[in-house]
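Chemist: Requesting a structural model of the entry that follows:
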Amino acid sequence: MNETHIDLVVTGLVQDGQDWVRKDVHVLDGRIAAVTAPAGESTPARRRIDTKDAYLLPGMVDAHVHSLSHPGEGIAASTRSAAAGGVTTIVEMPFDLTGPINSTDRLAAKRELAEKEAFVDVALLGTLAPDGGWRSAEALAQAGAVGFKVSLFDTDANRFPRITDAELRNVMAATAGAGRTVAVHAENNEIVQAMLAAEREQNPFDPKAHVRSRPPVSETMGVLTALEIAFEQKARLHLCHLSLPRSVDLVQWYKSQGLDATLETCPHYLTFTEDDHDAQKGRLKINPPLRKSADREGMWERIGSGAIDIVSSDHAPWPTEYKDHEGIFANHSGAPGVQTSMAITLSAALDRGRDEFTAAVRSLTEAPAERFGLAGTKGRIAVGYDADFAVFDPASGWDIDESDMYSNAGWTPYQGMATSGRVTMTISRGTVVWDGSELLGELGRGVVVGASS
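Modeler: Sure, this is the predicted structure:
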């Protein structure tokens, strides 16, 4: 390596085993060229950044982002919001308002859109239509889909349809054959539909009716269905946005049986409980719903033990007119979160202890990169990886305000919350795209990344 040609040296607290040690990270042509002990000005570089006592982390790989569920958002807004939150790669969900990404033509059109709009990097998921869509898995994988997502719950017959248990066997076999992970929204359709009908009739204006309409067993039954069929078909399974410690424990049991399975939870399950519906009402309507405080604490325990693989935002950028109806079931499910996920999760984890912090860092960065085929380029500070960094300052508090959000949703469920730390800089492939106060760069600078295997 010719040090006279180093573009950038970033100095900060870098993870070294279980310790955090000040190191220099050398960047050349957008990739990490070396990681060394601090050498000060003796290392020639075109630019130097010293983060002082802040943590220098890999950029977050947000494994669950819905940029195109609402026409007012788009990849431009979601990736700008991502950059301001330390996210350098989003894994984009396939259930777009214009139609699910279940064909190579639709995948190609979305890739073209992302290449024009993305501010940071994007990985694209595909989906497989009911009634034989599993036959498209190989073609979609070859066209660039890093994985697939399907739902066991019938959210929308066209945009977000249910895959039956019988069809799921074919889906699992096809995705395994294509060498891709299948992500599953795991809620039992029959239980939820029956409970929804009852709550709509009896308690349509009670925000907690949404919680009751999706009891814990509706999640655990969905999780078990996905796990058992994946086990039969030897599939790579990823379970999305789990809210219950029992769900995590079920996944761990199947892992002990040899299943290639991972799971994610989200900052809202680590922050809020069902009682927060009293104040925020429909703004906290999320699927699966918020749970009890004991469940929240149980999820944190499993973060610390390493049982939870991934923390993702499940960014759903509905504007307030979709969330503020008096009748709880008239509101859309989901909330914006790509900009706040890293600060919310890492601040809370660090407050709980070093083990929780270290595990949370992995769940936000390396683990999602590995799961969706981006290992070797994303998620680690190591030679040869993309120079994607998030500087997290544990002493720089953040009073979260919706006026700071770059998502076009225009609000945040974390409004008024104070974090003990925040992301003060984001670097994407060696370029500073967020300096702690403003975004730098242009739309279209992000690239669409593909799976390595």
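Chemist: Am I right that H64 sits in a strand?
Modeler: Yes: using DSSP: H, G, I helix; E, B strand; the rest coil, the assignment for H64 is a strand.
Chemist: Quick check: it touching C240?
Modeler: Yes: judged on CB atoms under 8 Å, H64 makes contact with C240 at a distance of 6.3 Å. In this view, the C-beta of every residue, glycine as well, is placed from N, C-alpha and C.
Chemist: joint contacts of the two?
Modeler: Counting by CB atoms under 8 Å, 6 or more residues apart in numbering, the residues touching both H64 and C240 are 264, 312, 314.
Chemist: Nearest residue to the first one in space, please, no chain neighbours.
Modeler: The shortest distance from E264 to any non-neighbouring residue, by CB to CB, 6 or more residues apart in numbering, is to I310 (3.9 Å).
Chemist: so the one you found touches C266, yeah?
Modeler: No: with contacts counted by CB under 8 Å, I310 stays clear of C266, the gap being 9.5 Å.
Chemist: list the contacts for D388?
Modeler: Neighbours of D388 in contact, by CB under 8 Å, 6+ apart: 58-59, 88-89, 121, 378, 427-429.
Chemist: how many neighbours does the residue nearest to E264 have?
Modeler: Look at I310: counted by other CB atoms under 10 Å, it has 30 neighbours.
Chemist: From A330, how far off is it?
Modeler: Distance, I310 to A330, using CB to CB, to the nearest Å: 31 Å.
Chemist: tell me which residues in the longest helix along the chain are buried?
Modeler: Counting by DSSP state H, the longest helix found in the chain is helix 216-233. Using 16 or more other CB atoms under 10 Å as the test for burial, helix 216-233 gives 216, 218-227, 229-231, 233.
Chemist: just stretch 177-192 next, same as before
Modeler: 178, 180-189, 191-192.
Chemist: can you tell me the helix or strand for H277?
Modeler: helix 277-280 (DSSP states H and E).
Chemist: List the buried residues in that helix.
Modeler: Applying 16+ other CB under 10 Å to helix 277-280 flags 277, 280 as buried.
Chemist: That helix - what's its average pLDDT?
Modeler: Averaged across helix 277-280, pLDDT comes to 97.
Chemist: Could you check how far it is from the centre of its chain?
Modeler: 24 Å (CA atoms, centre = their mean, to the nearest Å).
Chemist: What helices and strands are in contact with it?
Modeler: The helices and strands touching helix 277-280, judged by 3 or more CB pairs under 8 Å, 6 or more residues apart in numbering; DSSP states H and E, number zero.
Chemist: Touching that helix from outside, list them.
Modeler: 207-208, 210-211, 272, 284, 290, 413.
Chemist: Nearest to L125 among these?
Modeler: Closest approach to L125 among the contacts of helix 277-280 (CB to CB): P413, at 24.2 Å.
Chemist: What residues does that closest one make contact with?
Modeler: P413 touches 268, 272, 280, 283-284, 335-337, counting by CB under 8 Å, 6+ apart.
Chemist: now it, what's its secondary structure?
Modeler: coil.
Chemist: In contact with the closest residue to F95 other than its chain neighbours, which residues are there?
Modeler: In space, and not counting its chain neighbours, F95 is closest to F160: 4.5 Å by CB to CB, 6+ apart. When the contact criterion is CB under 8 Å, 6+ apart, the partners of F160 are 95, 100, 151.
Chemist: okay, those in JSON lines with distance to I400 next?
Modeler: JSON lines is the format used below for these (distance: CB to CB, whole Å):
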{"residue": "F95", "distance to I400": "27"}
{"residue": "P100", "distance to I400": "33"}
{"residue": "S151", "distance to I400": "30"}
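Chemist: for these, which one is nearest P394?
Modeler: Minimum distance to P394 across the contacts of F160 is 35.9 Å, recorded for F95 (CB to CB).
Chemist: hang on, the earlier thing: report the buried residues of the following helix or strand past the helix holding H277.
Modeler: Elements were assigned by DSSP H and E; along the chain past helix 277-280, the next helix or strand is helix 293-305. Residues of helix 293-305 classed as buried: 295-296, 298-300, 302-304 (neighbour count, 16+ other CB under 10 Å).
Chemist: what number of residues lie near N158?
Modeler: 9.
Chemist: Could you double-check that it lies in contact with G99?
Modeler: Yes: look at N158 against G99 with CB under 8 Å: they come within range, at 7.4 Å.
Chemist: who touches both of those two?
Modeler: Contacts common to N158 and G99, judged by CB under 8 Å, 6+ apart, are absent.
Chemist: coming back round to it: could you give the separation of the longest helix of the chain from the chain centroid?
Modeler: 21 Å.
Chemist: and H268, what does it touch?
Modeler: By CB under 8 Å, 6+ apart, the neighbours of H268 are 284, 286, 290, 314, 335, 337, 413.
Chemist: which two in these are spaced the farthest apart?
Modeler: L290 and G337 (13.5 Å).
Chemist: follow-up on the earlier one: H64 and C240: which is more packed in?
Modeler: The neighbour comparison of H64 against C240 (other CB under 10 Å) goes to H64, with 27 against 23.
Chemist: quick one: that one from H277, how far?
Modeler: From H64 over to H277 (counting by CB to CB), the distance is 22 Å.
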